[in-house]
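> Could you look at this predicted model? Sequence included:
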Amino acid sequence: MMRALLATLLVLLLGGAARAERLIVSVSNHRVTVTPNYSGEELVLFGSVEKDATTPADRTAYDLVVTVMGPRADMVTRRKERKFGIWINTDSRQFLEVPSYLALFANRAFDVITSPETARRQQIGLNNVLLTQRVSGDYADVVPNDAFRSAFIRLRTQRGLYREDASAVTFLTPTLFRTGIPLPAEVPIGTYEVEIKLFANGALVTKTETAFEIVKVGFEQFVATTARQNGLIYGLVTAAMALMTGWMASIVFRKD
Amino acid sequence: MQLYLPIADLPVNVFLVLAMGAAVGFVSGMFGIGGGFLMTPLLIFIGITPAVAVASVASHIAASSFSGALTYWRRRAIDPALASVLLCGGVTGTALGVWTFTQLRALGQLDLMIALSYVVLLTTVGSLMFSEGLRALMRTRRGAVPPRRTHNWIHGLPLKMRFKRSKIYLSVIPVVIVGIVIGFIGAIMGIGGGFILVPIMIYLLRVPTSTVIGTSMVLTLVTMLFATMLHAVTNHLVDAVLALILMVGGVTGAQFGARAGQRIRGEQLRLLLGLLILSVGVRFAIELVIEPADLFTIRELGVSG
């Protein structure tokens, strides 16, 4: 019993020793409220690398990779083809539980920070993030240059919902860093997970996580929620509104 | 002023949408039509998805046809019996239309079907109207009298019924079928169908011009209200904020349009309307034929878990 306890303690101590750095992070706002006239904003993530006595003395340069993932959703990507002279959706792929918002930030190019092998394992870079597809009954991610996968990433990037920026993280001092997280106007609501990975000499040193939440408030969100949850009442109110507007117009513009 | 549309999920300029509503309202007031066939394409062209455009325009048309129907009701220019028979078909057609809409959306072919229906319907109706207007214009130039209307095969069908206010004796079969067709295409295309219904009622069913517009407005009103309800319940696609802006712009524009329309002669009006419908149809045809800027599209299936 005593021996087991000691062994556990030893393992814990050793584990703590192996983890020579600690990451302390915070986002500027843990609850972002989106109002009807919201046109996008930028959150700021601050953090510092805490060293302790066991940190190797030669370890001075750090690299950081920040991954922000929005709520997950299923999506379909469709491809148009020319048939009978017109362009029709023919082929499609379903992406399962992929992040609706995805941002990858680093202080320098991903391929300089770490090896391709580690990048793949740690999902560093849009090409390495796991995007599960349903391929003829099977669930798998495909090669990065797959037409549907790259089209999916390209379209999401165009809308500002997927992004990759290898110069977004700035080190204010060798251990103090910050990065901006841009949130476009059409940002999906829900919980966002932020994962911060610290690299030194190409190897993952430590990582930490934080999260923030995006909520929509105001009339427009009320409308959207009602439309989804109480379709019947929503329809009735819209219909009544149409009748009211029509009736008012016939009163206001009555000629006789 | 930017405003975020909750269902369409994109920010729009309020004044742009208001102006669009007013412009379409002006045209619809001028020609005595609902204007859905102009409004839906315009919304699609500013970036609103065809599905949301179709569903939201339905409530906009309901508003404008209600204000029109009230005016015609006061003038006793609505045939209640004819309207009820049309509605039997109209409501069935709308339900079928919304069901088809949902199915097509799941298959990813909704946008294509909307575009194709616009091409087929608008180019056909547009060219018919244009050529008819042209012929009528030539006739008046030559001073000839329009050909006398004769009864056609439709008047030989059974189940005849007397429609008192319209002073016609007609089988209910073609009336119900017309209702179904208009309700069906209205729900899929986001149009009231007035621009097809009125010519059909005049030329095929021989409904007198005194009651034709008022009665067709009743059909438009009820089918569009019903379509709004069904789209809201099944697909959650009706954007009430968008619809409200369109309605306000639309009903105002319609008043000025109606005044402008009274100064133009009937044949010229039909010629212009034909040309307008034709050009919207051609615009859709071009969209289908030219290679799209992006061959890929994404649709979110909703947040899971």
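Now that the structure is in, tell me what you want to look at. Fair warning: this is a prediction, and the values are worked out from it, not measured in the lab.
> and residue B:11, how far is that from chain A?
Here residue B:11 is placed at a distance of 5 Å from chain A (CB to the nearest CB, to the nearest Å). (Each C-beta comes from the backbone N, C-alpha and C, glycine too.)
> what are the phi and psi angles of that residue?
phi -80, psi 140 (degrees, to the nearest 10).
> That one: how many residues sit nearby?
A count of neighbours around residue B:11, defined by other CB atoms under 10 Å in any protein chain shown, yields 17.
> hey, where'd the strands end up in the stretch 1-150 of chain A?
A:21-27, A:31-34, A:41-51, A:63-69, A:72-83, A:86-99, A:102-106, A:133-135, A:138-140 (DSSP state E, counting those that start in this stretch).
> a markdown table for those strands, including distance to residue B:173 and mean pLDDT?
Listed next are the strands of the stretch 1-150 of chain A as a markdown table, based on distance: least, CB to CB, whole Å; pLDDT from 0 to 100:
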| stretch | distance to residue B:173 | mean pLDDT |
| --- | --- | --- |
| strand A:21-27 | 68 | 87 |
| strand A:31-34 | 54 | 83 |
| strand A:41-51 | 61 | 88 |
| strand A:63-69 | 60 | 91 |
| strand A:72-83 | 38 | 85 |
| strand A:86-99 | 35 | 83 |
| strand A:102-106 | 58 | 91 |
| strand A:133-135 | 48 | 77 |
| strand A:138-140 | 53 | 73 |
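> The lengthiest helix in chain A and chain B, are they touching?
Taking DSSP state H as the assignment, the helix of chain A that covers the most residues is helix A:231-252. Yes: interface with chain B: helix A:231-252 contributes A:231-232, A:234-239, A:241-243, A:245-250 (CB under 8 Å from any CB of the partner chain).
> For that helix, buried residues please.
Neighbour-count burial for helix A:231-252, with 16 or more other CB atoms under 10 Å in any protein chain shown as criterion, is recorded at A:231, A:234-239, A:241-243, A:245-246, A:249-250.
> what does stretch A:127-138 give?
Neighbour counts over stretch A:127-138 (16+ other CB under 10 Å) mark A:127, A:128, A:129, A:131, A:133 as buried.
> do you know how far the third one is from residue B:8?
Here the criterion is CB to CB, to the nearest Å. By it, residue A:129 lies 29 Å from residue B:8.
> Near residue B:75, how many other residues are there?
What residue B:75 shows, counting by other CB under 10 Å, is a neighbour count of 11.
> Verify the stated contact: it with residue B:214.
Yes: assessed by CB atoms under 8 Å, residue B:75 is found in contact with residue B:214 at 7.4 Å.
> got a list of contacts for stretch A:211-220?
With CB atoms under 8 Å, 6 or more residues apart in numbering or on different chains as the contact definition, stretch A:211-220 has outside contacts at A:27, A:29-36, A:43, A:70, A:183, A:187-194, A:221, A:224, B:4-6, B:241.
> Please convert the buried residues of helix A:231-252 to TSV, extending it with pLDDT.
Shown next, in TSV, are the buried residues of helix A:231-252 (pLDDT from 0 to 100):
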residue	pLDDT
A:231	83
A:234	87
A:235	88
A:236	90
A:237	89
A:238	88
A:239	89
A:241	89
A:242	88
A:243	90
A:245	88
A:246	85
A:249	82
A:250	80
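> Take those and write them to CSV, including distance to residue B:102.
As requested, the buried residues of helix A:231-252 are exported to CSV (distance: CB to CB, whole Å):
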residue, distance to residue B:102
A:231, 13
A:234, 17
A:235, 15
A:236, 20
A:237, 22
A:238, 18
A:239, 19
A:241, 24
A:242, 22
A:243, 25
A:245, 27
A:246, 27
A:249, 32
A:250, 34
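> Out of these, which comes closest to residue A:173?
residue A:234 (53.5 Å; CB to CB).
> pretty sure the closest one is touching residue A:222, no?
No: counting by CB under 8 Å, residue A:234 stays clear of residue A:222, with 10.6 Å between them.
> what residue ranges in chain B score low on pLDDT?
Low-confidence segments of chain B (pLDDT under 70): B:143-156, B:301-305.
> Who are the packing partners of the helix or strand harbouring residue B:26?
In this structure, residue B:26 sits in helix B:14-31 according to DSSP states H and E. If you count contacts as 3 or more CB pairs under 8 Å, 6 or more residues apart in numbering or on different chains; DSSP states H and E, helix B:14-31 packs onto helix B:36-45, helix B:50-74, helix B:240-261, helix B:266-289.
> one more time with 6 Å, if that's ok
Applying 3 or more CB pairs under 6 Å, 6 or more residues apart in numbering or on different chains; DSSP states H and E, one finds that helix B:14-31 contacts helix B:36-45, helix B:240-261.
> So which residues make contact with that helix?
Under the criterion CB atoms under 6 Å, 6 or more residues apart in numbering or on different chains, residues B:1, B:3, B:34-35, B:38-39, B:42, B:245-246, B:249-250, B:252-254, B:256-258, B:260-261, B:273 lie in contact with helix B:14-31.
> which residues touch residue A:144?
The contact partners of residue A:144, taken as CB under 6 Å, 6+ apart, are residue A:127.
> I'd like the distance between it and residue A:69.
The gap separating residue A:144 from residue A:69 is 18 Å, by CB to CB.
> Then residue B:247?
Residue B:247 is 40 Å from residue A:69, by CB to CB.
> Repeat that for residue A:239.
40 Å.
> Close to chain A: what parts of the stretch 51-200 of chain B are there?
Residues of the stretch 51-200 of chain B lying near chain A by CB under 6 Å from any CB of the partner chain: B:59, B:62, B:63, B:66, B:67, B:70, B:71, B:108, B:112.
> and residue B:74, how many neighbours?
Residue B:74 is flanked by 13 other residues according to other CB under 10 Å.
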